[in-house]
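> coords please:
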Amino acid sequence: MNIIVISEGIRKGQPASFSHRHLLVFALVALVGLPAFFGALTYRIHDMLARAAGEGAQIAAQERELGRQRAVVETARREASTHINALALRLGSLQAQVLRLNALGSRLTRMAGLDGREFSFDAPPAMGGPEKVGASSPTPDIVKSLDKLSSEIERSRARLQALESLLLDRKLSAKLTPSGWPVDGGWVSSGYGLRVDPFTGHQSMHEGADIASRMGSQIQAMGDGVVSHAGDKPGYGLMVEITHESGLVTRYAHTRAVLIKVGDKVTKGQTIALVGSSGRSTGPHLHFEVVRDGRAVNPARYLQSAKQ
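Residues are numbered from 1 along each chain as shown. Prediction:
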């Protein structure tokens, strides 16, 4: 076989001759080398594609894991938001209860006559003490702390309400039960019990307490009640009698003027008459009686309770 090789820039070709051996070598190269080359190339390409596929699978797996983590984070965020909202509602409820307790405590302070500067419900309670190094405790469970605070508030509310009821009962009882001092000023000039009658000189039972006072002084009702007598009564002069819901009856005798009438409802401290010397009397004073179950009793304890 003759092959003519033409070099660049040379017009005239140069012949090259190949023997059968050369041709055989070329054939072997073509039959063995080229398939081996393309096989290796194909394997390389396949390997690269396999690696690319593996990396793509890993990327897809990582994307799926990231998606799962995002879902977990979103769920945790929603749950945290729900818990925070629940805690906020719980805290708001506790704050409302504390405000009600403060209002109730302030009212009880006024009812009991306590010093508002010592029992102030508008300021936190006074506390203190030296700091102890290393005495810190782990972060408390917020929910448990709120539950404990709620229980303490409920117990405090129950105690305050019971105290309020007790104070109201006492206040109501004080209004219904005669107590106090029935005149402006004055002093007990003759007490309850046996005494020498100022008119006869004989020993007799005095069923009330005489309170000497200046003429015309105001006489106040010793408790809430209804006027059962208002006018003249033998031995008592001008007298006012008040029947109280507790069952007791109070009498105010020897008055100069009666300022109410039978059937009137009177309140504790209301002016009902004026001090005088009507009836069987030696001078201006108030004869005060307390009647229980139809019998006069010693009025001293009702008068003493007024001076306490």
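> quick one: the strands in the stretch 201-308 of the chain?
According to DSSP state E, counting those that start in this stretch, the stretch 201-308 of the chain carries its strands in the segments 203-206, 209-212, 218-220, 225-233, 237-243, 249-258, 265-266, 271-275, 285-292, 295-297.
> One more: the stretch 51-200 of the chain?
Using DSSP E, counting those that start in this stretch, the strands assigned to the stretch 51-200 of the chain run over residues 187-190, 193-196.
> closest to residue 214 out of the ones you listed?
Comparing the strands of the stretch 51-200 of the chain by their distance to residue 214 (CB to CB), the top pick is strand 187-190, with 11.4 Å. All C-beta atoms are positioned from the backbone trio N, CA, C, and that covers glycine.
> Pick out the shakiest of the strands of the stretch 201-308 of the chain, pLDDT-wise.
Set side by side, those give their lowest mean pLDDT on strand 203-206, at a mean of 90.
> Just put the strands of the stretch 51-200 of the chain in JSON lines and tack on distance to residue 146 and mean pLDDT.
Formatted as JSON lines, these follow (distance: least, CB to CB, whole Å; pLDDT from 0 to 100):
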{"stretch": "strand 187-190", "distance to residue 146": "61", "mean pLDDT": "92"}
{"stretch": "strand 193-196", "distance to residue 146": "65", "mean pLDDT": "90"}
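> what about those, which gets the closest to residue 288?
Each of the strands of the stretch 51-200 of the chain was scored for nearness to residue 288 using CB to CB, and the closest is strand 187-190 (9.3 Å).
> ok, that closest one: who's next to it in the sheet?
Based on DSSP bridges, the strands next to strand 187-190 in the sheet, each with its direction, are strand 209-212 (antiparallel).
> Provide a list of residues in contact with residue 266.
With contacts taken as CB atoms under 8 Å, 6 or more residues apart in numbering, residue 266 has the following neighbours: 221, 224-227, 242, 260, 272.
> I'd like to know which of those is nearest to residue 68.
Within the set of the contacts of residue 266, residue 224 lies nearest residue 68; the separation is 77.7 Å, counting by CB to CB.
> ok, that closest one touching residue 264?
No - counting by CB atoms under 8 Å, residue 264 is not a contact partner of residue 224; they are 11.7 Å apart.
> So which of the two has more stuff around it?
Under the neighbour definition other CB atoms under 10 Å, residue 224 and residue 264 were set side by side, and residue 224 has more, 21 against 15.
> related to what we said a few turns ago, determine which of the strands of the stretch 201-308 of the chain approaches residue 40 most closely.
Relative to residue 40, the nearest member of these by CB to CB is strand 265-266, separated by 122.3 Å.
> Name the strands paired with that closest one and say parallel or antiparallel.
With DSSP bridges as the criterion, the sheet partners recorded for strand 265-266 are strand 225-233 (antiparallel).
> Any chance you could list what contacts the partner strand?
Against strand 225-233 from outside (CB under 8 Å, 6+ apart): 176, 238-245, 249-250, 253, 258, 260-266, 272, 278-279.
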